[in-house]
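Undergrad: Here's a sequence, model it:
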Amino acid sequence: MLSAVGAVLALKLSGNALSVVVFIGLILLVGLVVKNAIILIDKVNQLREEGVAKREALVEGARSRLRPIMMTTLCAVFGFLPLALAFGEGAEVRSPMAITVIGGLIALWLTLHGAAGLAGLQRAHLALATGELDALAVATPACTLDGVLKTVLGVAPAKRLP
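TA: Now for the predicted structure:
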């Protein structure tokens, strides 16, 4: 879903209108997104068959499959880049397809990273509510509210009273 939003946003920013070629790009984009989902879900299912708990299988599957997904996504983006930047005869017809795919893949890439960060912030919020923020901050410092405050904002979080 967010890939489609990214594709439409890329079209809007580039000044291109919807056309048949754009819809061909959306079909390509759906294929790439489904391929990424199959890669991830297949690994999670393999881990579940080996007896790994659901949460650990999801975390390990995402960790082990992020690199191949990112490699194929970057290859597709760089492969479509010459077509998106093309000039000359016929470029105005083919370029929107490449812009659609690139915008959607960049949105997918941001979604993969953003979802992990949001999940970490949600866990930090729950830990803060239950008073377990210190243990969580040690376990996953980059994804917790504590880690975000330290790394992004450069602010040390306030100490909790005992």
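
Undergrad: What is the burial count for E89?
TA: A count of nearby residues for E89, using other CB atoms under 10 Å, gives 7. (C-beta placed from N, C-alpha, C; glycine too.)

Undergrad: That one: which element?
TA: E89 is located outside every helix and strand, with elements delineated by DSSP states H and E.

Undergrad: low pLDDT regions in the protein?
TA: 1, 112-129, 131-162 (pLDDT under 70).

Undergrad: and if we set it to 50?
TA: By pLDDT under 50, the low-scoring segments of the chain are 135-145, 147-149, 151-155, 160-162.

Undergrad: which residues in it form strands?
TA: For the chain, strands defined by DSSP state E do not occur.

Undergrad: where along it do the helices fall?
TA: Ranges of helices in the chain, per DSSP state H, are 2-14, 20-49, 54-84, 91-130, 133-139, 145-148.

Undergrad: Just put the ones you listed in CSV and tack on mean neighbour count.
TA: What follows is the helices of the chain, written out as CSV (neighbours: other CB atoms under 10 Å):
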stretch, mean neighbour count
helix 2-14, 17
helix 20-49, 15
helix 54-84, 14
helix 91-130, 18
helix 133-139, 15
helix 145-148, 19
